[in-house]
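Novice: Next come a sequence and a model predicted from it.
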Amino acid sequence: MTLNTYLVFDGRCKEAFELYQSVLGGNIEAMITHGGSPMETHTPPEWRDKIMHARLSVDGSTLMGSDAPPDRYKTPQAFSVNIGTTDVSEAERIYHGLSEGGTVHMPLGETFWALRFGMFTDKYGIPWMINCEKAGGNQ
């Protein structure tokens, strides 16, 4: 079994996944638009360049997403995408790279369980947590 996160965007999925790849590394394995697909004739012309399915693979993990039409999009809530790392400098780099232009809910800092922990919503509306736990912790 695998558990993967699937994110839904307001029309900026391609832009978001390009940022995620630039910050997290990995490989965008899919970036499928409605145009040129079997769904093209069922899609308004102004929406054909939007993403029907995207997939980013990073170190054995997979992040997927798509754009939702304006009448079906809902702001993400009641979850966070968690990134666990054991490297403080990597936690700081990722936090700053993904939180830029977003809303910080908890600045990256040391906690009783983590060398670094922070929470933010990125500029695409996706909530994130960065967790660099102390030795012996669970990510």
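Specialist: Noted; the coordinates are in hand.

Novice: C-alpha only now, for contacts and for neighbours.
Specialist: Noted.

Novice: buried sites along stretch 28-38?
Specialist: I28, M31, I32, T33, H34, G35 (16 or more other C-alpha atoms under 10 Å).

Novice: start to end distance for that stretch?
Specialist: 22 Å (C-alpha to C-alpha, to the nearest Å).

Novice: how does this structure divide into domains?
Specialist: 5-67, 81-133 (automatic domain parsing).

Novice: Any regions of this protein where pLDDT drops low?
Specialist: Within the chain, the ranges that satisfy pLDDT under 70 run 136-139.

Novice: Show me which of the buried residues of stretch 28-38 is closest to G102.
Specialist: For the buried residues of stretch 28-38, the residue nearest G102 by C-alpha to C-alpha is I28; the value is 22.5 Å.

Novice: From E90, how far off is that closest one?
Specialist: 20 Å.

Novice: now I32
Specialist: 30 Å.

Novice: cool, D71 as well?
Specialist: Distance from D71 to E90, by C-alpha to C-alpha: 38 Å.

Novice: For these two, indicate the residue with more neighbours.
Specialist: More crowded of D71 and E90, by other C-alpha atoms under 10 Å: E90, with 15 against 7.
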